[in-house]
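Asks: what's the 3D shape of this:
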Amino acid sequence: MVVGSTEDGKIVLIKQHRIPVGDYIIEFPAGLIDEGETAEEAAIREFKEETGMEITKIAKVSPPTYNSAGLTDETVTMVFAEVKGKPSTELNEDAEDIEALVLDSVQLHELVQDQKIKWSAKAWMYCGIYVFFNS
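Replies: Predicted structure coming up:
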């Protein structure tokens, strides 16, 4: 999972259609780590594929964290990065329905407050903390 911010402090999220939910979800760009690939390499690849933007600097990489340890051993590694570029869907796979969102603090605040929006838990928690402590 890539928590990306631009030079001017905007946060990059994606709006992606998720079949199990039957709707669009706001989340951070993310993907699987391929065999032989590091979390950093996967973050660079997936961020480019899903947003069309580039990671310019990796600031911090979390240890693997567990989403639902009572049900699965799936882990998530969070990569905090500085990013640049213009959003593009050019590199999305055919089956992907993804829109990159590059939001300033006002736009992020509005999005977090909108009760109609469906969020991934990780993205809402991070964005909610950011908004509520920077308001």
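
Asks: what's I98 in contact with, if anything?
Replies: Going by Cβ atoms under 8 Å, 6 or more residues apart in numbering, I98 touches 14-17, 50-51, 89, 92. From N, CA and C alone the C-beta is placed, and that goes for glycine too.

Asks: beta partners for it?
Replies: Q16 (DSSP bridges).

Asks: quick check, central residue of the chain?
Replies: Among the residues of the chain, the one closest to the centroid is F28, at 1.2 Å (Cα atoms, centre = their mean).

Asks: need the contact list for the nearest residue to that one once chain neighbours are set aside.
Replies: Of all residues not flanking F28 in the chain, M1 sits nearest, at 4.8 Å (Cβ to Cβ, 6 or more residues apart in numbering). Counting by Cβ under 8 Å, 6+ apart, M1 touches 28-30, 76-79, 122.

Asks: for the contacts of I98, work out which two are farthest apart.
Replies: H17 and T51 (15.7 Å; Cβ to Cβ).

Asks: more neighbours, those two?
Replies: Between H17 and T51, counting by other Cβ atoms under 10 Å, T51 is the more crowded of the two (28 against 14).

Asks: count of residues packed around W124?
Replies: When neighbours are defined as other Cβ under 10 Å, W124 has 17 of them.

Asks: helices along the chain, start to end?
Replies: Along the chain, the stretches classed as helices by DSSP state H are 39-51, 105-113, 121-133.

Asks: for S5, find the nearest of the ones you listed.
Replies: Per Cβ to Cβ, nearest to S5 of the helices of the chain: helix 121-133, 9.8 Å.

Asks: buried stuff in that closest one?
Replies: For helix 121-133, burial by neighbour count (16 or more other Cβ atoms under 10 Å) applies to 122-124, 126-127, 130-131.
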